[in-house]
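Trainee: what follows is a predicted protein model with its sequence.
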Amino acid sequence: MQDQLLGVAAAGKPGTGDDFGDAITGGRVLCHVEGLSPIQPLGKADCAVYDGRMVFRSNMSLALDEAREAAARGEVPVGAVVVSADGTVVAAAGNRTRELNDPTAHAEILAIRDACAILGVERLTQHDLYVTLEPCPMCAGAIANARIRRLYFGARDAKSGGVAHGARVFAHPQCHHVPEVYDGVSAAEAEQLLVDFFAAKRGENS
Ligand SMILES: [Zn+2]
């Protein structure tokens, strides 16, 4: 399946980071979480020539596929993908807390574990993580420990998120490693999956 191509110009000067969407000139899709790492120009591996212009190549569509598969298993629909610096997808996972009877089996944790096992490393330096929902504090901690280079997440999670909300793990002085953080990637789609999932659950229970 093809990577999702977002119509965002990849060239141009990064902005100040004060406003959503100025991570990339002309971009609406990527948002930088204020107070976190400074905005860097995207690397070559993140970009592709499409229709004669450079565009940001997102792997969020794969994470969304994982989220859909999680929903089909009766798990909260969240999916995550680990991608290497050259754009290779190393690991992909969806939530499996119910199936594994494991409260730590969040998509991000499973994808990070798989990627480390596949590569035979304990840190994923130069790797990026795409996840459909703002990571919780546990996953944000794992992302910092794994030394993930860039975190792209979809929907924000005011209730359980730990990046832009709550513990704001990466903004904490104790955090050893702060990835570049971009949110709002395919956010509407990620959010709709969650809304539909919980609406169906409520339907079952009524
Ligand atoms: Zn989590």
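Mentor: Everything's here; your move.

Trainee: where does the chain have low pLDDT?
Mentor: The chain contains residues with pLDDT under 70 at 1-56.

Trainee: mind giving me the packing neighbours of the longest helix that it contains?
Mentor: Using DSSP state H, we find that the single longest helix of the chain is helix 187-205. Judged by 3 or more CB pairs under 8 Å, 6 or more residues apart in numbering; DSSP states H and E, helix 187-205 is in contact with helix 60-72, strand 128-133, strand 150-155. For glycine as for every other residue, the C-beta is placed from the backbone atoms N, C-alpha and C.

Trainee: so the second one, near the ion or not?
Mentor: To tie it back to what came earlier, the one meant is strand 128-133. No. Judged by CB under 5 Å from the ion, strand 128-133 stays clear of the ion, getting no closer than 8.3 Å.

Trainee: can you check the last one too?
Mentor: No. Strand 150-155 does not reach the ion (CB under 5 Å from the ion); its nearest approach is 10.9 Å.

Trainee: ok, the longest one next?
Mentor: No. Helix 60-72 lies apart from the ion when judged by CB under 5 Å from the ion; the minimum separation is 12.7 Å.

Trainee: just the C-alphas of that helix, formatted as PDB.
Mentor: The C-alpha trace of helix 60-72 is given here as PDB (Å, rounded to 0.1, in the frame of the first residue of the first chain):
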ATOM      1  CA  MET A  60       0.300   7.600   9.400                       C
ATOM      2  CA  SER A  61      -1.900   5.600   7.000                       C
ATOM      3  CA  LEU A  62      -0.100   2.400   8.200                       C
ATOM      4  CA  ALA A  63      -0.700   3.400  11.800                       C
ATOM      5  CA  LEU A  64      -4.400   4.000  11.000                       C
ATOM      6  CA  ASP A  65      -4.600   0.500   9.400                       C
ATOM      7  CA  GLU A  66      -3.200  -0.900  12.700                       C
ATOM      8  CA  ALA A  67      -5.800   1.100  14.600                       C
ATOM      9  CA  ARG A  68      -8.600  -0.400  12.500                       C
ATOM     10  CA  GLU A  69      -7.300  -3.900  13.000                       C
ATOM     11  CA  ALA A  70      -7.200  -3.200  16.800                       C
ATOM     12  CA  ALA A  71     -10.800  -2.100  16.700                       C
ATOM     13  CA  ALA A  72     -11.700  -5.300  14.900                       C
END
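
Trainee: that'll do, ta.
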